[in-house]
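S.K.: Here's a sequence, model it:
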Amino acid sequence: MSVNPMAYEAQFFGFTPQTCMLRIYTAFQDYLFEMMLVVERVILKKLDGFPGCKISPCQIRKSTEKFLLFMKDHFDKLFSKMEEVLLQLVLNIPENVILPEDKVHEQYPYTKEQFQALQEEIQQLQQQYRAEASAGQALQAELEEQKAVRAELEKILQWFDGLDNICREHGTSNFKESFAFLTQNCKKLQAVLKDVEKKSKKIKKHDQLL
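M.R.: Purely as a prediction, here's the structure:
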């Protein structure tokens, strides 16, 4: 049997030519063995019609086996020639033939070095894509944070707008005057709170005396 892997032929046929030849060889060999058994049975049947025959079945079996070895030896020689012809002329794809699925390699030929450079470029592009995706996620997180800060700023602006409206209602339109007004009111509230605390302490002492 041929030791050439014939991978391109296997791609086209769907099986290796060597496997095909092995199956043909096995089929012929099995047929030869079966034929010799049939011949042996026929000879034994014919001998039964001759009562005086001195040939025993054991002798017939030995003769059958010798003839089988003779046939097998000649068959192997013939099959070797047949295998060589089939592998070269029938099951072989010429070197100048390209399968349809490999036409792209003919249109865009690449050397080993070019293919390796292309793979390296693909890896670099993949790394750049991962870096850009990571940067995009960081920008998205920052954008969400800015939205939250903006919402808080809008609340503060609304609070200032409300504060400005209150100050205008009390006759102060300037921010400094409004701030001074709030400070003055806070001091008044603190004074009132202290006065309430003093009065509360006096009431507690009075209750304790009673």
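S.K.: okay, CA-based contacts and neighbour counts for the rest of this
M.R.: Noted.
S.K.: middle-most residue in this protein, spatially?
M.R.: residue 126 (15.4 Å; C-alpha atoms, centre = their mean).
S.K.: For that one, what are phi and psi?
M.R.: phi -60, psi -40 (degrees, to the nearest 10).
S.K.: Could you check how far it is from residue 119?
M.R.: 11 Å (C-alpha to C-alpha, to the nearest Å).
S.K.: Then residue 149?
M.R.: 45 Å.
S.K.: How about residue 44?
M.R.: Residue 44 is 73 Å from residue 119, by C-alpha to C-alpha.
S.K.: Mind checking which of those two has more residues around it?
M.R.: Under the neighbour definition other C-alpha atoms under 10 Å, residue 44 and residue 119 were set side by side, and residue 44 has more, 16 against 12.
S.K.: Kindly provide the distance from the more buried one to residue 58.
M.R.: For residue 44 relative to residue 58 (C-alpha to C-alpha), the value is 10 Å.
S.K.: Then residue 102?
M.R.: Distance from residue 102 to residue 58, by C-alpha to C-alpha: 61 Å.
S.K.: would you list every one of the helices in this protein?
M.R.: With DSSP state H as the criterion, the chain has helices at 7-13, 17-47, 57-85, 103-107, 112-169, 175-209.
S.K.: how's this structure carved up into domains?
M.R.: 7-101, 178-209 (the TED database).
S.K.: Can you convert the ones you listed into TSV and add a column each for distance to residue 138 and mean pLDDT?
M.R.: Converted to TSV, these look like this (distance: least, C-alpha to C-alpha, whole Å; pLDDT from 0 to 100):
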stretch	distance to residue 138	mean pLDDT
domain 7-101	44	85
domain 178-209	40	68
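S.K.: circling back to that earlier point, now the helices of the chain as a markdown table including distance to residue 95?
M.R.: Output for those, formatted as a markdown table (distance: least, C-alpha to C-alpha, whole Å):
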| stretch | distance to residue 95 |
| --- | --- |
| helix 7-13 | 10 |
| helix 17-47 | 16 |
| helix 57-85 | 17 |
| helix 103-107 | 13 |
| helix 112-169 | 20 |
| helix 175-209 | 93 |
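S.K.: what's the closest of those to residue 94?
M.R.: helix 7-13 (9.6 Å; C-alpha to C-alpha).
S.K.: Many thanks, we can stop here.
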